[in-house]
Each structure stands twice: as C-alpha cells, then as structure tokens.
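Student: Quick check, what structure comes out for this input:
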Amino acid sequence: MGASDMKARPLEVKAITGVIEELERQAAENPSKLKVRRDGDKIIVDGEIDVDALVMVVVGSMAGGP
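Tutor: The predicted model follows:
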C-alpha cells in the first residue's frame, strides 16, 4: 500500500506510520546494526530489527495506543 492509499484506510495508515517510525527509531538508536531509508512510497531496510518492539507498535496502533 502506497501513500496514495492512505486517505481511505485510517487503521492501515496508523499501522504503516507506526512501523516506519519504529524502524527509523531503531535505526537511530543503533545505526551500526540497522539502516532505514525512504524511497518515495517505499522503505529500504538493511540490518537487524527488534521484531518484538515492532509488533508492539503495530498492536498498539491497532488498539488505538500512542
């Protein structure tokens, strides 16, 4: 789903935004292990991801959390 689809599906927008922000946070926290770069509607990820933290963000966004 690209940015052009984001207006029609607010729940998905929250999940997408949460995932991207969490990946960028993890990359900023440990740039030697994770690199994240946006390329238009795509995101390029290279490295180790803390999947537990990523899942918590997605679940939180679905539950209406911060």
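Student: Give the buried residues for the helix or strand hosting Glu21.
Tutor: Assigned by DSSP states H and E, Glu21 belongs to helix 10-29. Buried residues in helix 10-29, counting neighbours by 16 or more other Cβ atoms under 10 Å, are found at Val13, Lys14, Ala15, Ile16, Gly18, Val19, Glu22, Leu23, Glu24, Arg25, Gln26, Ala27. All C-beta spots, glycine's among them, are computed from the backbone N, C-alpha and C.
Student: so what's the first one scoring on pLDDT?
Tutor: The per-residue pLDDT reported for Val13 equals 88.
Student: please renumber so the chain begins at 40
Tutor: In the new count, where the first residue is 40, that last one comes out as Val52.
Student: Distance of it relative to Asn69?
Tutor: 27 Å (Cβ to Cβ, to the nearest Å).
Student: Dump the C-alpha coordinates for stretch 75-94 into CSV.
Tutor: Included here for stretch 75-94 are C-alpha records, laid out as CSV according to Å, rounded to 0.1, in the frame of the first residue of the first chain:
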residue,chain,number,x,y,z
VAL,A,75,16.5,2.6,7.1
ARG,A,76,15.9,4.8,4.1
ARG,A,77,12.7,6.1,2.4
ASP,A,78,12.4,6.0,-1.3
GLY,A,79,9.1,7.5,-2.3
ASP,A,80,6.4,5.2,-1.2
LYS,A,81,8.9,2.5,-0.4
ILE,A,82,11.2,2.0,2.6
ILE,A,83,14.6,0.2,2.3
VAL,A,84,15.7,-1.6,5.4
ASP,A,85,19.1,-3.2,5.9
GLY,A,86,20.1,-4.9,9.2
GLU,A,87,18.8,-6.3,12.4
ILE,A,88,15.2,-5.5,13.6
ASP,A,89,13.8,-5.8,17.1
VAL,A,90,10.7,-7.7,16.0
ASP,A,91,9.1,-7.6,19.5
ALA,A,92,9.3,-3.8,19.6
LEU,A,93,7.9,-3.6,16.0
VAL,A,94,5.0,-5.9,16.8
